[in-house]
Structure formats: C-alpha cells, structure tokens
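Enquirer: my questions are about this predicted structure, shown below with the sequence.
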Amino acid sequence: MSDTHEPVPPLTTIADDDRQPPRRPASSRPAPIAAHDDIPLAAKAAGAVFMGLVAIALFSTLVPKAMEWARHADWRWAIQWAATITDPVHSYLQAHTVGLPITAASVYLIWQGVGAGSLALAWLLRSNGARLTWTAHGAATIWMVWASSPTTGRTVAAALAILAWTAGSVLALRGLSLRVRVTR
C-alpha cells in the first residue's frame, strides 16, 4: 500500500431527461373545497334554527326521563362494586400501618386523594407525571385488593378492581398515543 491516494473523480449529475424514469415536476394539489363558503347565509341560518329546535326537543324529553330513571334506579350494584375495592384496601392499610406514626385512616384518605387528584390532573392537563401516578396508584390498588380479599373471592375482587381502574384510565390516559410524533 502506498501513502498516496488516487484522486477522486469529480461527481457528475445526471440531467433530468436522462433519468430513468425521467423526473417530472410535482403536480400542484388542488385547493380544498370550502363548502361552507358555497352555502347561502339563509340556508345556514335555517339549519342552525332546525338544529336548535331538535336540541330543545331532545333535551326537554330526555333530561326529565334520565332524571326519573336515576331517581328510581337501584344503585346497590355500584355501592357493592366500590365496597369490593375499598374494603380490602382499607383493611390492607390497617394491617400495614401498625407501628407507623400515621394512622390507617390518614393513609386511606391520602390514597383516595392521590387517586382522585392524579385522575383529574391526567384527564384535564394530560400531564405525564399524573399519568404515571395514576398508573402506579392503580397497580398498588389492585395489589392491595388482591392481598386483602378473601382467598375464595380474590380473583373476582382483583378483576373488579382492574375493571374500575381501566374505566378510569379511559379518562386519565386520554390522548396518549404509541405513535411517535415527528415535528419539523
């Protein structure tokens, strides 16, 4: 090998006509259709009045019916579901706060506050820290329900805790995407 290098030949460019396939100028895209500009103002006003009347008719019939249903509905299932989750958590905290300078009731209140606060912050602000806190709170809750539920109903109690946590996660993890956002 020698210390001298052979000169690099100059780069040449290929003319557009010699390319295979030949380069064609990009076609300009047509402007998007602005349908809202093509609709007459009177038609827009008539549509708005019609939609307003439909909304009034729906709300005047549906809201009273929903209120009547809610007043006479049996809500024991929701109370039992909540108790299936909160009772084991409370007993877990009572068993594991013995000897600590904080009471089980205070830890239970902190548990509720952190859960509600992280859910609200994750939902409203889409904060990653709140989302991580919500996730950790859910995992800890499921663990406490699993550990403190009776052996025979342990799987059902944990499954109900998972269902409640995933229902809350619909709000807490709203807008979270696994796709990478590319910004320029």
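Expert: Yes, it's here.

Enquirer: pull the residues that contact stretch 118-131.
Expert: With contact meaning CB atoms under 8 Å, 6 or more residues apart in numbering, stretch 118-131 is reached by 117, 133, 134, 137, 168, 171, 172, 173, 174, 175, 176. Where you see a C-beta, it was placed from the backbone N, CA and C, and this is true even at glycine.

Enquirer: ok, now how distant is residue 182 from residue 173?
Expert: Computed as CB to CB, to the nearest Å, the residue 182 to residue 173 distance reads 22 Å.

Enquirer: ok, how many other residues are close to residue 173?
Expert: 16 (other CB atoms under 10 Å).

Enquirer: so for it, what's the nearest residue that isn't a sequence neighbour?
Expert: In space, and not counting its chain neighbours, residue 173 is closest to residue 131: 6.1 Å by CB to CB, 6 or more residues apart in numbering.

Enquirer: what pLDDT is listed against the one you found?
Expert: Looking at residue 131, its pLDDT is 93.

Enquirer: surely residue 95 meets residue 107?
Expert: No. Residue 95 is beyond contact range of residue 107, at 11.3 Å (criterion: CB atoms under 8 Å).

Enquirer: between those two, which one's more packed in?
Expert: The residue with more neighbours, out of residue 95 and residue 107, is residue 107; 18 against 12, by other CB under 10 Å.

Enquirer: need the nearest residue in space to the more buried one, chain neighbours excluded.
Expert: Nearest to residue 107 is residue 93, by CB to CB, 6+ apart, at 4.9 Å.
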